[in-house]
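Visitor: using only what follows, build the 3D model:
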Amino acid sequence: MAENGNINILVVEDDKEDFILLTETLRGKGDSSFQFTHANSLKNSFEMLDEGHFDLILVDLSLPDSSGVDTITKISQKRSKA
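Guide: Next up, the predicted model:
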């Protein structure tokens, strides 16, 4: 959790409308404050991971540049190197 009490969430989702739906749904739940960062591709998610810390990563398994469990593996490897 960030120093400001927010939970930093990276959402890797190529569909902007799905990103908005997800963030609006999560903002209406629980007592925690969420800070969302949007990445629209695997490549973009790597850039975001280089720039900041995330408590949680939510991933669409059908991205323009990656799909399936391979996406999770690549993000996990990238995160462990950071």
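
Visitor: low pLDDT regions in this structure?
Guide: Along the chain, segments meeting pLDDT under 70 span 1-4, 30-32, 82.

Visitor: and the strands in it?
Guide: Using DSSP state E, the strands found in the chain span residues 6-12, 33-39, 56-59, 62-63, 66-67.

Visitor: what strands line up against the third one, and which way round?
Guide: Spelled out, it's strand 56-59. strand 6-12 (parallel) (DSSP bridges).

Visitor: contact partners of the partner strand?
Guide: 1-2, 19, 22-23, 26, 32-42, 44-45, 48-49, 52-60, 63, 71, 75 (CB atoms under 8 Å, 6 or more residues apart in numbering). Any C-beta I mention is one placed from the backbone N, CA and C, and that applies to glycine too.

Visitor: the residue nearest to I57 when sequence neighbours are not counted: how many residues sit nearby?
Guide: Closest residue to I57 apart from its sequence neighbours, by CB to CB, 6 or more residues apart in numbering: L10 at 4.6 Å. L10: 24 surrounding residues under other CB atoms under 10 Å.

Visitor: pull out the buried members of the contacts of strand 6-12.
Guide: 19, 22-23, 26, 34, 36-42, 44-45, 48-49, 54, 57, 59-60, 63, 71, 75 (16 or more other CB atoms under 10 Å).
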